[in-house]
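Q: Just to be clear, the model below is a prediction. Sequence and coordinates:
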Amino acid sequence: MLECIVTKFGGSSLASDEQFRKVRSILELEPTRRYLVPSAPGKRFPNDEKVTDLLYKCHSLASEGKSFKEEFAKIRDRYLDIARGLHLKVDIESRLQEVEDGIASGKNADWCASRGEYLCALLMADYLGWRFLDAADGIVFNDDGQLNDDKTQEKLSALLADGKSTVVPGFYGAKENGEVHTFSRGGSDITGALVARAANADVYENWTDVSGFLMADPRIIENPAEISSITYKELRELSHMGASVLHEDAMFPVHRAGIPTNIRNTNKPYHPGTMISKNAPHEVSVPTITGIAGHKGYSVISVEKNMMNSEVGFGRKVLSVLEDAGVSFEHMPTGIDSMCVVVNSVSLAPHREEILAKIEELVDGSGSVSVNDNMSIIATVGRGMVHNCGTAARLFSAMSRARINVRMIDQGSSELSIIVGVNDSDFEATIHAIYHEFVE
Ligand code: ASP
């Protein structure tokens, strides 16, 4: 049996008293689920409002000197409904009053937004009869707003060392001067990962409203297959290309500590979900591909220069032009006397002229510089590729049968992914062609 599981529940899992009940029965199924990190209550139905959004609204109304009473009443009702529905004893009305007073007195946006998780954790701790630990006491940020990883680990592990069942609100912590600071949106996932590492958990369970990751975007592929097992490295490649269920920064603490993350569905508690681990141990057979993800809207800067290959430092100079403009690049396929730099079109736009002029200067009349827009990048990711011959051949044949023109190819040295660039208009067709080649 597992010794210690840290659970994180997302906003939709905590949206009402009915959802709170589901959470408790999930915890009762497995007594080693001893730590819980909640988000703030999310949407109960499609047009509902998330508590965090309402709190940000209250803060901005207050800072414009406008009344935020109406918006705050919605927040109050959400918490009172849950407290009443579960017959809780905690004095949530006084806590809500403190939050309202804090917003009125000009507390900053981070403090206001963080109260969503704070209040939710107070309710949950009361409902479960567990200890409440304020995240401001265990999650430490530097003055510049960056997480202080070492201090967080030191403080949090000391606070949790007694092994008592504990609720720690997600999304925020505090700077050393006590000022509350939040992660970026969706950051309760990061809190969960930090608590899992501090508690030395065997598994970090991230409970949400989907049964894990899908092999492709369901808006493009109807009913895509579920991914039961994936490595952190594969997931990083897929989430970079837009597949998102988990906050990107939530992977690092647990990955480094060797703790697997299990994505689970609060509404289907017996579904095993997706297990993310360092190297997917105990696998009998590995599928050739794990998932496909992609994005439209890239630009390719193509640079040609006579004898480029013999000019030491030319590539570095081209990349410095991008660096000076603060534009990061995605890929850089090269030829003998040519190189292409693939960048996101939105980040290129404000610096386009300046970047092109500077690269023209480097080429110095003995070549050419051009930009092609409207390119999509699609990553086909799979740890199984390394063991299988002919994966690239199958992928490109499938694309050629679908009459898709490949504009760029890139394969990382890890052999974990094959990346293709196609016209934006071929984006969906490419994903279809690759998916059906490997999955059905
Ligand atoms: N409640 C915050 C948000 O909506 C953080 C989270 O849910 O993870 O972004």
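A: Cool, got the structure.

Q: now Ser414, nearest residue through space, not along the chain?
A: The spatially closest residue to Ser414, leaving aside those adjacent along the chain, is Lys233, at 7.2 Å (Cβ to Cβ, 6 or more residues apart in numbering). C-betas here are computed from N, CA, C, even on glycine.

Q: same question but for Ile404, I mixed them up
A: Ile404 sits nearest to Asp426 (Cβ to Cβ, 6+ apart), 4.7 Å away.

Q: give me every residue that touches that neighbour.
A: Listed by Cβ atoms under 8 Å, 6 or more residues apart in numbering, the contact set of Asp426 reads 376, 404-405.

Q: could you give me the average pLDDT of whichever strand or helix holds the residue nearest to Ser414?
A: Applying DSSP states H and E as the criterion places Lys233 in helix 232-240. Helix 232-240 comes out with an average pLDDT of 90.

Q: now that helix, how far from the chain's geometric center?
A: 10 Å (Cα atoms, centre = their mean, to the nearest Å).

Q: Repeat that for stretch 204-216.
A: Counting by Cα atoms, centre = their mean, stretch 204-216 comes out at 12 Å from the chain centroid.

Q: Stretch 399-408 now?
A: The answer for stretch 399-408 is 30 Å, by Cα atoms, centre = their mean.

Q: where do the helices sit along the stretch 151-300 of the chain?
A: Secondary structure of the stretch 151-300 of the chain by DSSP state H, counting those that start in this stretch: the helices cover 188-198, 232-240, 251-257.

Q: Could you report the separation of Val439 from Thr288?
A: 10 Å (Cβ to Cβ, to the nearest Å).

Q: And the two? Which one has more around it.
A: Thr288 (19 against 15; other Cβ atoms under 10 Å).

Q: Leaving out chain neighbours, which residue sits closest to the more buried one?
A: Per Cβ to Cβ, 6+ apart, closest to Thr288 is Gly384, 4.4 Å.

Q: Mind checking what secondary structure Ile377 has?
A: strand (DSSP: H, G, I helix; E, B strand; the rest coil).

Q: Just to check, it is in contact with Glu330?
A: Yes: in this structure, Ile377 is within contact of Glu330 by Cβ atoms under 8 Å, at 6.6 Å.

Q: Tell me which of those two has more neighbours.
A: Counted by other Cβ under 10 Å, Ile377 and Glu330 do not tie: Ile377 has more neighbours, with 26 against 17.

Q: What pLDDT does the model give that one?
A: At Ile377, the predicted lDDT confidence score is 95.

Q: and if you look at the one 4 residues further on?
A: The predicted local distance difference test score for Val381 is 95.

Q: same deal with Pro333?
A: So, for Pro333, pLDDT stands at 87.
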